[in-house]
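Novice: just coords:
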């Protein structure tokens, strides 16, 4: 699984011209970038501006930790 940051720019159509009104960012966890694009391409009043991919670590990692104490009198 990967985490994606998706930026959408919303617009309104006035006199056959697009007027951008708002910009929003969404965070989504998905298997592939194509599935993310499929979900956000359905917006009729928004343009998909960017999709940034981040690795998401879902498997636990084992870390070996050793601590020793000395008593000095």
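Specialist: Received, thanks. Fair warning: this is a prediction, and the values are worked out from it, not measured in the lab. Numbering: from 1, shown residues only.

Novice: Wait, a helix at residue 63?
Specialist: No - counting by DSSP: H, G, I helix; E, B strand; the rest coil, residue 63 is located in no helix; its state is coil.

Novice: Tell me, how many residues neighbour it?
Specialist: Other residues near residue 63 come to 5 when the count uses other Cβ atoms under 10 Å. (C-beta placed from N, C-alpha, C; glycine too.)

Novice: do the same with the one 3 residues further on
Specialist: Taking other Cβ under 10 Å as the criterion, the count of residues near residue 66 is 4.

Novice: Let me know the pLDDT of it.
Specialist: Per-residue pLDDT puts residue 66 at 76.

Novice: and what of residue 62?
Specialist: Looking at residue 62, its pLDDT is 75.

Novice: Quick one: mean pLDDT over stretch 26-42.
Specialist: pLDDT averaged over stretch 26-42 gives 88.

Novice: Mind listing what's buried along it?
Specialist: 30, 36, 40 (16 or more other Cβ atoms under 10 Å).

Novice: how about the first one, phi and psi?
Specialist: Just to be clear, that refers to residue 30. phi -150, psi 170 (degrees, to the nearest 10).

Novice: Okay, helices next: where are they in the chain?
Specialist: Applying DSSP state H to the chain gives helices spanning 33-40.

Novice: where exactly do the strands run in it?
Specialist: According to DSSP state E, the chain carries its strands in the segments 2-14, 17-30, 46-55.

Novice: Next, the angle helix 33-40 makes with the last one.
Specialist: When axes from the mean of the first three to the mean of the last three Cα atoms, to 10 degrees is applied, the directions of strand 46-55 and helix 33-40 differ by 150 degrees.

Novice: Buried ones in strand 46-55, by neighbour count?
Specialist: In strand 46-55, counting by 16+ other Cβ under 10 Å, buried: residue 46.
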